[in-house]
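**Q** next comes the sequence, and after it the predicted model I'd like to discuss.
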Amino acid sequence: MRDAEKTIGNMIDKQSICYISSIDKEGFPNTKAMLKPRKRNGIKEIYFSTNTSSLKVQSFKDNPKACIYFCDKRFFRGIMIKGTVEVLEDKESKEMIWQVGDTMYYKEGVTDPDYCVLKFNSISARYYSNFKSENIEI
């Protein structure tokens, strides 16, 4: 792949959902569908909004290891990215990714205590396309 960051970034931007996996207290993976990322810095940092009260947030506080997966069903290709998650609850982080209409999920607005930001920090990736997989440097 000539420009991995551009190719993968474009694929991420075109998906409406992704899958995020955390590790539970018994050491098993838990995978959840998430709405598309709110912001990304290349493929190194990827930001999501979520509920502070969710099980995945507690899992990430206990064990920050994570995996996200984006799948382009149309062309049967995907990217799995391994990394760690930081749970951000500060005002600046919450305002950074807040969008019009978010009060549908967070009734009290950007200061809602049940609203937080997941910052995914990428460590490594594996890309699948054309019946082949390849490791991607991050």
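**A** Right, received. Where do you want to start?

**Q** all helices for the chain, in order.
**A** 4-14, 55-62, 91-97 (DSSP state H).

**Q** helices or strands up against the last one?
**A** In this structure, helix 91-97 packs against strand 45-51, strand 115-129, with contacts taken as 3 or more CB pairs under 8 Å, 6 or more residues apart in numbering; DSSP states H and E. (C-beta placed from N, C-alpha, C; glycine too.)

**Q** ok so, going back, out of the helices of the chain, the one nearest Lys44 is which?
**A** Proximity to Lys44 (CB to CB) singles out helix 4-14 among these, at 8.5 Å.

**Q** below-threshold pLDDT in this protein: ranges please.
**A** 1 (pLDDT under 70).

**Q** need the helices and strands packed on helix 91-97 in CSV (columns: distance to Glu95 and mean neighbour count).
**A** Formatted as CSV, those follow (distance: least, CB to CB, whole Å; neighbours: other CB atoms under 10 Å):
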stretch, distance to Glu95, mean neighbour count
strand 45-51, 12, 19
strand 115-129, 10, 19
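
**Q** dump these into CSV; add distance to Glu92 as well.
**A** As requested, the helices and strands packed on helix 91-97 are exported to CSV (distance: least, CB to CB, whole Å):
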stretch, distance to Glu92
strand 45-51, 12
strand 115-129, 10
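
**Q** just to revisit the earlier point, pick the most deeply packed of the helices of the chain.
**A** helix 55-62 (a mean of 17; mean count of other CB atoms under 10 Å).

**Q** tell me what angle it forms with strand 45-51.
**A** 130 degrees (axes from the mean of the first three to the mean of the last three CA atoms, to 10 degrees).

**Q** report all helices and strands that helix 55-62 contacts.
**A** Here helix 55-62 touches strand 17-23, strand 29-35, strand 45-51, strand 77-88, strand 115-129, going by 3+ CB pairs under 8 Å, 6+ apart.

**Q** I'd like those strands as JSON lines, with distance to Tyr105 appended.
**A** Formatted as JSON lines, those follow (distance: least, CB to CB, whole Å):
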{"stretch": "strand 17-23", "distance to Tyr105": "15"}
{"stretch": "strand 29-35", "distance to Tyr105": "9"}
{"stretch": "strand 45-51", "distance to Tyr105": "8"}
{"stretch": "strand 77-88", "distance to Tyr105": "17"}
{"stretch": "strand 115-129", "distance to Tyr105": "7"}
